[in-house]
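Novice: Predicted model and sequence below, questions to follow.
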Amino acid sequence: MLKGSCNCRSITFEVRANWQGLSVCHCGQCRKQSGHLWASGYAPVGDIEVTGAPTWYRSSDIAQRGFCPTCGCFLFWKHDAEDTMSFALGALDGPTGLTLEKHIFVAHKGDYYDIADGLPQHEH
């Protein structure tokens, strides 16, 4: 089980099973929302238990982003047509034993850094 929270702990979450897709997103929205880039995994909604009340921001016609209304931490991303939800790897508590799998939306990455970790890079 993975456990995480926002900075003020008003929102906590547990990912009980079936997490996958551990990636770093370099899209413009994730860079603006996080201040650099966003590392996340995803799991079926039924395997993620959220305590507290995130505020949901409709970031596009197809998805929304969940954040803490008190401290502002960006914690979740949810596509409207999918039964999974992404969760922020940076919000996880303690050692996780997880390993990143890939980089996504690298065509949109900032020009001020390089990706040099050897992981697969996907344009979208």
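Specialist: In hand now; what should we look at? For clarity, every value in this text was computed on a predicted model and none was experimentally measured.
Novice: Packing partners of the helix or strand bottoming out on mean pLDDT in the chain?
Specialist: Averaged element by element with mean pLDDT, DSSP states H and E, the chain has its least confident helix or strand at helix 28-34 (a mean of 93). Packed against helix 28-34, as judged by 3 or more C-beta pairs under 8 Å, 6 or more residues apart in numbering; DSSP states H and E, are no other helices or strands. Yep, even glycine has a C-beta here, placed from its N, CA and C like the rest.
Novice: packing partners for the host helix or strand of residue 65?
Specialist: Element membership of residue 65 [criterion: DSSP states H and E] is strand 63-67. On a contact count with 3+ C-beta pairs under 8 Å, 6+ apart, strand 63-67 meets strand 55-58, strand 74-79.
Novice: Can you give me the buried ones in stretch 50-63?
Specialist: Across stretch 50-63, burial judged by 16 or more other C-beta atoms under 10 Å covers 50, 52, 54, 63.
Novice: residues making contact with stretch 15-23?
Specialist: 1-4, 39-44, 47-49, 86-87, 89, 98-104 (C-beta atoms under 8 Å, 6 or more residues apart in numbering).
Novice: And the strands in the protein?
Specialist: For the chain, the strands defined by DSSP state E occupy 2-5, 12-15, 20-25, 38-44, 48-51, 55-58, 63-67, 74-79, 84-88, 102-104.
Novice: so which of those strands comes closest to residue 94?
Specialist: Taking C-beta to C-beta, strand 2-5 is the member of those nearest to residue 94, at 7.6 Å.
Novice: Not counting the closest one itself, show me its contacts.
Specialist: 11-15, 19, 75, 87-88, 91-94, 96, 98.
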